[in-house]
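*Asks:* sequence below, structure please.
(4 chains)
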There are 2 protein chains.
Amino acid sequence: MSRARYTHRVTMASGAAPASIFDVAREAGVSRATAARALGGYGSVSERSRAKVLAAAAKLDYSINAVARSMVTGRTMTLGALVADVANPFFARVIRGFSDGARANDYDVILVNTDESPAKEERGLRVLMENRVDGILLTPASLDKHEHLQAAVDRGQAVVQVDRYIPELETDVVVVDNYDAARRAVSRAIAAGHTRIATPEHGGADSKQEFCRITTMEDRFRGYLDAMANAGIEVPDRYRPKARHREGVRDAVLDLLRGPDRPTALFGLDDSFMLGIVDAANAENLAWPADIAIFGFDDTDWTTVLRPPLSVIAQPAYELGLCAAEALAARIADPSRPPAMTTLATSWTERSSLAPA
Amino acid sequence: MSRARYTHRVTMASGAAPASIFDVAREAGVSRATAARALGGYGSVSERSRAKVLAAAAKLDYSINAVARSMVTGRTMTLGALVADVANPFFARVIRGFSDGARANDYDVILVNTDESPAKEERGLRVLMENRVDGILLTPASLDKHEHLQAAVDRGQAVVQVDRYIPELETDVVVVDNYDAARRAVSRAIAAGHTRIATPEHGGADSKQEFCRITTMEDRFRGYLDAMANAGIEVPDRYRPKARHREGVRDAVLDLLRGPDRPTALFGLDDSFMLGIVDAANAENLAWPADIAIFGFDDTDWTTVLRPPLSVIAQPAYELGLCAAEALAARIADPSRPPAMTTLATSWTERSSLAPA
DNA sequence: GAACTGAATGAGAACGTGCTCAATCCCAAG
DNA sequence: CTTGGGATTGAGCACGTTCTCATTCAGTTC
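*Replies:* Residues are numbered from 1 along each chain as shown, chains lettered A, B, ... in the order given. Predicted coordinates:
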């Protein structure tokens, strides 16, 4: 075999293929096994051999082939991240935390975007599993269509659901206390004196993209409804228009602001909803908190450049990703441990006053 | 061998290892070669065999092992992205474009953050090369320390530099026209009547992180200086304080606004600089454009929620990543093609007036 | 029926690593 | 000098795929 290998090598363009452990062994004048031991730090190797091998490796600029290693170890030391969209600042921070957590456990991260589409999610999942990633971070695209996810879990794929989750899937879950956070924030607004609090609901038609239910948005909206109900305040249907995306929310809120019984406070379910709400308030030339109170989810950079800065519910996005990586590392180490749900706390940051004028 | 393999299989925990092409062949009653041909769509296979193989593959839920495939093809169909920080909205959009471009060419993306640190960059580069990625997107951390990058290029690693670049590295480059964009924007402000235009320069001490020069910031600053020089306007040193990060810029600008000869316009070199500038203006209770004009780089979501919305230079971040993926795909297909530099156009969006009060 | 042709098939090498097993080496104790 | 034993070493299998090569098979022609 060594003859065959050697013959093969010299016929190749020089420098094209990186040096293998075989080349290092030949350069050092030892066997492959000894070179592997010296480089891998296992077994016993004489000091003389170790030195020769390390010198040869340095000379040949040897770089271990992780693909071949994965082949034999059965592990790729790679985690997959299947999220809606990295360009979304929230997911970007989740990914960053996930990446840091992965790296701390010697894993790399393969990134795939789903655009909230179950079809793309299925494709992405297949790609990740073909690549034999050791674990997958997942922000499920839809509460309803998840046969492909169930199949992956059934096959023993380590999965952690983040931000939102499908209850039927028996996986680790890392989320924030969406329901509580929303309920408490809205209660706070009620305590400050508001009764006419409107909240665009996640939903409605979209020509480009089918609608997919998401626990996160539903939990938050339930929190809003319960806070109102607990205070004995009825929520008229027009205070809960269905909308999606910044522009859709803007239009829906504009409609609301121009109609009868204008609300005195607006609650945003996520960053894009908040942007749409502010757009609408700006378009109507309303100032906050004088004309209308604005509060809601996610403490992004821009909420503090507004005058006055907005009152927001801050999500620990980075920690979400970090915990997800830790959860996967723990599950990979012990696949038999029962699935756990980790709920991270949000933090309410009251900046502009919530009191009605 | 088939005996050995079979023996091995039955001793394993059932269901633990995914079905290999060997299992499919056995199930279908054909040889590995025939199963591989049927699944891989090459060579010639009888209709009968193909049907049997596909049925067996479906029954066993066969998923090709990309690791083993890479082993023999010598290609991983994976690209690496070595960027400063995904959590930075600009890089997040670049990554998204890169991811889409990669996917369109059947590549996956491994993500690594460098935090602008040459040391982390070197580690990340090593990891990516050990994983035998077919190409690497790189936003170099430093203009100065790049021996590790040179070594990678010398070894034949396909690399594309994005956003900023090290001229000495002979790689493909995808950037925007930073110098021109800055010069034109500043010229526009001058034409509108400004002479006292200040621009925090990228630099200064930082206890946490060493300073690394970046072409992007330097090109933009040169554009500013040249625009001023062309108009015959002298730039006093205090109009170009060195600063870094949102907070640092905020403090530097506050200092400027409270001192003598307050500038009438502030030019921001990137998103974090713009945030710091707006913070300072807010802290001093200055309104734009009445009290001070604010303009600069990057059209992020928040620039349009301010009242009035800011005038900005929009970068095609998504396209930057997309082009980078295309460049890598082209280079992998033909490694001998000469390195090309692609310069994408920025677009100037004038929203709030630039005219001095 | 023999020879020919092209399709279909199976055996097996190769990729680079980790790891097992047996063989060899060295050194000290007897 | 022999023996024992631990340290060191090398040969070789295995991972799952792609792909080459030789062989077999079916069908056609003379």
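*Asks:* what residues does the stretch 201-350 of chain A put near chain B?
*Replies:* Selection of the stretch 201-350 of chain A residues close to chain B by C-beta under 8 Å from any C-beta of the partner chain yields A:246, A:275, A:278-279, A:282, A:300-302, A:304-307, A:318. All C-beta spots, glycine's among them, are computed from the backbone N, C-alpha and C.
*Asks:* mark which of those are buried, thanks.
*Replies:* For these, a neighbour count by 16 or more other C-beta atoms under 10 Å in any protein chain shown gives the buried set as A:246, A:275, A:278-279, A:282, A:300, A:302, A:304-306, A:318.
*Asks:* out of these, which comes closest to DNA strand D?
*Replies:* Of all those, DNA strand D sits closest to A:Tyr318, with 36.2 Å by C-beta to the nearest atom of the strand.
*Asks:* in chain A, which segments are predicted with low confidence?
*Replies:* For chain A, the stretches flagged by pLDDT under 70 are A:1-16, A:207-208.
*Asks:* can you list the domain ranges for it.
*Replies:* Chain A breaks down by automatic domain parsing into domains covering A:2-64, A:74-176+A:317-346, A:178-315.
*Asks:* what's near enough to touch A:Ile136?
*Replies:* Listed by C-beta atoms under 8 Å, 6 or more residues apart in numbering or on different chains, the contact set of A:Ile136 reads A:79-82, A:125, A:128, A:152, A:157-160, A:328.
*Asks:* mind listing the helices for the stretch 151-300 of chain A?
*Replies:* A:178-191, A:215-230, A:245-258, A:271-283 (DSSP state H, counting those that start in this stretch).
*Asks:* returning to that earlier point: of the contacts of A:Ile136, which fall within the contact range of DNA strand D?
*Replies:* When the contacts of A:Ile136 are checked against DNA strand D using C-beta under 7 Å from any atom of the strand, none falls in range.
*Asks:* most surrounded residue in those?
*Replies:* A:Ala81 (30 neighbours; other C-beta atoms under 10 Å in any protein chain shown).
*Asks:* where does it fall, phi/psi-wise?
*Replies:* Main-chain dihedrals, A:Ala81, degrees, to the nearest 10: phi -120, psi 110.
*Asks:* now, the contacts of A:Ile136 that are in strands?
*Replies:* A:79-82, A:159-160 (DSSP state E).
*Asks:* can you redo those as JSON lines with distance to DNA strand C?
*Replies:* Output for the ones in strands among the contacts of A:Ile136, formatted as JSON lines (distance: C-beta to the nearest atom of the strand, whole Å):
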{"residue": "A:Leu79", "distance to DNA strand C": "19"}
{"residue": "A:Gly80", "distance to DNA strand C": "22"}
{"residue": "A:Ala81", "distance to DNA strand C": "25"}
{"residue": "A:Leu82", "distance to DNA strand C": "28"}
{"residue": "A:Val159", "distance to DNA strand C": "26"}
{"residue": "A:Val160", "distance to DNA strand C": "26"}
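*Asks:* closest one of the residues you listed to DNA strand D?
*Replies:* A:Gly80 (18.3 Å).
*Asks:* does the closest one touch A:Leu137 like I think?
*Replies:* Yes. Contact criterion C-beta atoms under 8 Å: A:Gly80 and A:Leu137 qualify, at 6.9 Å.
*Asks:* thought A:Met228 was touching A:Tyr239?
*Replies:* No. Counting by C-beta under 8 Å, A:Met228 stays clear of A:Tyr239, with 9.1 Å between them.
*Asks:* now for these two: what residues contact both?
*Replies:* A:Ile197.
*Asks:* circling back: A:Glu201: which of the helices of the stretch 151-300 of chain A is closest?
*Replies:* helix A:215-230 (5.6 Å; C-beta to C-beta).
*Asks:* now that closest one and helix A:178-191, what's the angle there?
*Replies:* 40 degrees (axes from the mean of the first three to the mean of the last three C-alpha atoms, to 10 degrees).
*Asks:* so which of the domains of chain A gets nearest B:Arg262?
*Replies:* domain A:178-315 (19.6 Å).
*Asks:* distance between the ends of the closest one?
*Replies:* Across domain A:178-315, the terminal residues are separated by 9 Å (C-alpha to C-alpha, to the nearest Å).
*Asks:* surely A:Glu116 touches A:Gln209?
*Replies:* Yes. Using C-beta under 8 Å, A:Glu116 is in contact with A:Gln209, at 6.9 Å.
*Asks:* comparing the two, which residue is more hemmed in?
*Replies:* A:Glu116 (19 against 12).
*Asks:* doesn't the more buried one fall inside a strand?
*Replies:* No. Under DSSP: H, G, I helix; E, B strand; the rest coil, A:Glu116 falls outside any strand and is assigned coil.
*Asks:* quick check: it vs A:Phe91, distance?
*Replies:* Separation of A:Glu116 from A:Phe91 (C-beta to C-beta, to the nearest Å): 11 Å.
*Asks:* same question for A:Val174.
*Replies:* A:Val174 is 14 Å from A:Phe91, by C-beta to C-beta.
*Asks:* check the ones in strands among the contacts of A:Ile136 and tell me the two furthest apart.
*Replies:* Of all pairs drawn from the ones in strands among the contacts of A:Ile136, the greatest distance, 11.5 Å, lies between A:Ala81 and A:Val159 (C-beta to C-beta).
*Asks:* in the sheet, who's paired with the closest residue to A:Ala81 other than its chain neighbours?
*Replies:* In space, and not counting its chain neighbours, A:Ala81 is closest to A:Leu137: 4.7 Å by C-beta to C-beta, 6 or more residues apart in numbering or on different chains. Note on A:Leu137: beta-bridge partners by DSSP bridges are A:Ala81, A:Val160.
*Asks:* got a list of what the residue in the stretch 251-357 of chain A that chain B sits nearest to touches?
*Replies:* Using C-beta to the nearest C-beta, the closest approach of the stretch 251-357 of chain A to chain B is made by A:Trp302 at 3.0 Å. By C-beta under 8 Å, 6+ apart, the residues touching A:Trp302 are A:275, B:300-302, B:305.
*Asks:* pick out the most distant pair among the residues you listed.
*Replies:* Farthest-apart pair in the contacts of A:Trp302 is A:Leu275 and B:Thr300; separation 11.0 Å (C-beta to C-beta).
*Asks:* hmm, back to that, distance of the residue nearest to A:Ala81 relative to DNA strand C?
*Replies:* According to C-beta to the nearest atom of the strand, to the nearest Å, A:Leu137 stands 26 Å off from DNA strand C.
*Asks:* and what of A:Ala327?
*Replies:* Applying C-beta to the nearest atom of the strand to A:Ala327 and DNA strand C gives a distance of 25 Å.
*Asks:* can you count the residues close to that residue?
*Replies:* 27.
*Asks:* show me what contacts it?
*Replies:* A:Ala327 is in contact with A:160, A:172, A:174, A:340, A:342, counting by C-beta under 8 Å, 6+ apart.
*Asks:* strands paired with the helix or strand harbouring the last one, and their directions?
*Replies:* Using DSSP states H and E, A:Thr342 sits in strand A:341-344. According to DSSP bridges, strand A:341-344 has the following sheet partners: strand A:172-176 (parallel).
*Asks:* what does the strand it pairs with contact?
*Replies:* Strand A:172-176 is contacted by residues A:159-165, A:215-216, A:315-316, A:320, A:323-324, A:327-328, A:331, A:339-346 when judged by C-beta under 8 Å, 6+ apart.
*Asks:* and it, which residues are buried?
*Replies:* Buried positions in strand A:172-176, judged by neighbour count with 16+ other C-beta under 10 Å: A:172-176.
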